[in-house]
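S.K.: Below: sequence and its predicted model.
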Amino acid sequence: MDRSGPADLDLTAAARPATVADAGFHLDTPRATPDGAASPDGAHETAMDQGAEGDSRHERGVRSGGLLQVAAALVWLPQAALLALAVDRIADGGGVQAVLWPAVLVLGLGLIRAALDAAGNRLAFRAARAALSDQRDQALAALGAGSPLDSGRPASGLAASVIAEQADAVTPYLARFRPARLKATVVPLAILAAVLPLSWAAALVLLVAAPLIPVFMALIGWRAKAASEAQMAELGGMNGFLLDRLRGLATIRGLGAVDLTARRLRTNAEALRRRTMAVLRIAFLSSAVLELFAALGVAMVAVYVGFHLLGQLEFGAWGAKLSLAQGLFILLLAPAFFEPLRDLSAVWHDRAAGEAAIGALRRLSVGRLALPGAAVHVAQPMSQLMAAPTVRIEGLSYRHAGAAAPVFDDFHLTVQPGEHVALLGPSGSGKSTLLALIAGLAPAAGGRIVIGDTALTTETAQALRRRMAWIGQRPFIFAGSIRANVALGRTGIRAADVEAALRAVALGETAARRSGAEIGEGGAGLSGGEVLRLALARAAADAQADLLLVDEPTAHLDGATAADVGNGLMAIAKGRTLILATHDPVLAARMDRIVRLEAQS
């Protein structure tokens, strides 16, 4: 394998457009800078542009749900007034008739309050779930669009942990914290406005007690966010470590490193436990702080109202002594004044965890290296074979990040329509890198690549990829049937196309023999040659793929199996342009032309 990138330059490891036949996924990647690094500002630009409207819509949904919950909380003001009035009438000697209508109104307002609160919770939750789904889609699209040449791709375990587990923290953050923050902003002010005309002293007590809570919560919240981010990073690292070790378990056992791996896993688990307990300690501390100040505030209001009604405190009211109804009204509102702050404290940890999860998802959403291109729609049916293109490489220059010598410097090559060209050379000569540059998986430092009559650029990359098929030396095989692995769910590929592709690569009998039987993930149940021929069948089934980019298809195969794979390759390459990177001189001799590459010193 060339030093051009990972050994599995097969694009199934990083999903790409439907006509890159090994995968069958749409490729949307970030804008890349000339030196090969992705531009953070333009990263995953297409998905971000498309997601902006969705984010705004979801934000409006969460805000609408929060407003309904605010309205539900404000319904308590007239309920409290009616309850205070009813108690005052009873104290004056009134009977059932005196409190009947207040009781009916309290019941009706209670039903309205419950309905508003339920509707607000449901609306906020649905908007939060939709926002989470969009962020997961963007992260998955960026991961799928990433180039195999990118050495900075996140580990599989880390990405799986962020998307499948850590991302769940986004929903409570949006559905509970945002509405709770809105309630904590509006409801206390409304209650303060209702209390102030009755007693400036009670309003002053509430006004003094209220700011202490958010101040202390903010101080604790900064520490909580840092602890949550550290805990999530530890969790992602542990998941990545575990998944990687499970993949290489046979190697670990073979080299006698099981005990060392177990100790490392135990150490990681203990570190995760400590970080999780640190987060929980901060969460309990924030709740204790809020309860302390809320209890003190309510107690001070109750003491003032009680002594005022007993005549011990003459001040605090506007000129006249508070009535029983007014005093009870203030007492009923005092706990409600602190209730939104209690709710905010209960979900304060959701904020820290949610923001940490959003940050992790956004970091995954920044792909690298590959040219993005614009979304295209292909009108012709899959069964219609396009005219094989010319491939012209003019003055190509490329250097790997951190490398002293360039891989290519003013490189020129022209491949005629339908021509079969073998790239032959030692490891490190740039064979696989050249295929990746033709596929737009990395931006060239200089020169240009023209496919057909279209130059490969950011604007044209996606359209050009629709006419390419990549066949790597280690194609990924999904668990399922052979036919499903050929079709890959791509629209327009019929059952007849799959059968014809299997026959073209001499897999028809194997598929018939294993009809109804599942093959394991990674190709368990198939030989190495059958796996390679299955990858050839994927390309053969896609009639739009008139440019085949093939990387070391016969590597590590015996002579007979390599000959079978070569026969299958020649069968599907008829009428298509083929560029083949290989060390196999026998397979190279079957091509129309051999281009020898030399490693740069």
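M.R.: Right, received. Where do you want to start? Numbering: from 1, shown residues only.
S.K.: Let me see the contact set for the closest residue in space to Gly528 that isn't next to it in sequence.
M.R.: Among residues not flanking Gly528 along the chain, Leu557 sits closest, at 6.1 Å (CB to CB, 6 or more residues apart in numbering). Quick note: C-beta positions are derived from backbone N, CA and C, even for glycine. Going by CB atoms under 8 Å, 6 or more residues apart in numbering, Leu557 touches 528-529, 532, 565.
S.K.: Distance to Arg448 and secondary structure added to these, as CSV?
M.R.: Conversion of the contacts of Leu557 to CSV gives the following (distance: CB to CB, whole Å; DSSP: H, G, I helix; E, B strand; the rest coil):
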residue, distance to Arg448, secondary structure
Gly528, 37, helix
Gly529, 38, helix
Leu532, 32, helix
Val565, 33, helix
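S.K.: what's the closest of those residues to Leu424?
M.R.: Val565 (17.0 Å; CB to CB).
S.K.: pretty sure the closest one is touching Leu534, no?
M.R.: No - between Val565 and Leu534 there is no contact under CB atoms under 8 Å: 10.6 Å.
S.K.: Pull up the overlap in contacts between those two.
M.R.: With CB under 8 Å, 6+ apart, Val565 and Leu534 have no common neighbours.
S.K.: what mean pLDDT does the helix or strand hosting Glu499 have?
M.R.: Glu499 belongs to helix 495-504 when assigned by DSSP states H and E. Mean per-residue pLDDT for helix 495-504: 87.
S.K.: Who are the packing partners of it?
M.R.: Where contact means 3 or more CB pairs under 8 Å, 6 or more residues apart in numbering; DSSP states H and E, helix 495-504 is packed against helix 482-487, helix 508-513, helix 528-540, helix 559-572.
S.K.: returning to what we had before: now compare the contacts of Leu557 and name the two farthest from each other.
M.R.: Taking CB to CB, no two of the contacts of Leu557 sit farther apart than Gly528 and Val565, at 9.1 Å.
S.K.: how about the nearest residue to Leu534, chain neighbours excluded?
M.R.: Asn485 (6.0 Å).
S.K.: Tell me how many other residues crowd that neighbour.
M.R.: 23 (other CB atoms under 10 Å).
S.K.: ok, now Ala439?
M.R.: Neighbour number of Ala439 under other CB under 10 Å is 28.
S.K.: For Ala124, see how far away it is.
M.R.: Per CB to CB, to the nearest Å, Ala439 is found 44 Å from Ala124.
S.K.: which stretches of the stretch 251-400 of the chain form helices?
M.R.: For the stretch 251-400 of the chain, the helices defined by DSSP state H, counting those that start in this stretch cover 258-309, 324-346, 348-364.
S.K.: so which of those helices gets nearest Pro426?
M.R.: Pro426 sits nearest to helix 258-309 of all the helices of the stretch 251-400 of the chain, at 35.5 Å, using CB to CB.
S.K.: Report the mean per-residue pLDDT for the closest one.
M.R.: The pLDDT scores in helix 258-309 average 80.
S.K.: Ok, stretch 338-347 next?
M.R.: Here the average pLDDT along stretch 338-347 is 79.
S.K.: Pull out the buried positions in stretch 583-600.
M.R.: 583-584, 587-588, 590-591, 595, 597 (16 or more other CB atoms under 10 Å).
S.K.: could you dump these to a markdown table with distance to Gly256?
M.R.: What follows is the buried residues of stretch 583-600, written out as a markdown table (distance: CB to CB, whole Å):
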| residue | distance to Gly256 |
| --- | --- |
| His583 | 33 |
| Asp584 | 36 |
| Leu587 | 39 |
| Ala588 | 41 |
| Arg590 | 45 |
| Met591 | 45 |
| Val595 | 45 |
| Leu597 | 41 |
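S.K.: before we move on, the earlier item: quick one: which of the helices of the stretch 251-400 of the chain is nearest Ala190?
M.R.: It's helix 324-346; of the helices of the stretch 251-400 of the chain, that one is closest to Ala190 (CB to CB) at 9.5 Å.
S.K.: what packs against that closest one?
M.R.: Contacts defined by 3+ CB pairs under 8 Å, 6+ apart place helix 324-346 against helix 45-74, helix 76-91, helix 178-195, helix 200-247, helix 258-309.
S.K.: so which of those helices is the most packed in?
M.R.: Comparing the helices and strands packed on helix 324-346 by mean neighbour count (mean count of other CB atoms under 10 Å), helix 178-195 ranks first with a mean of 20.
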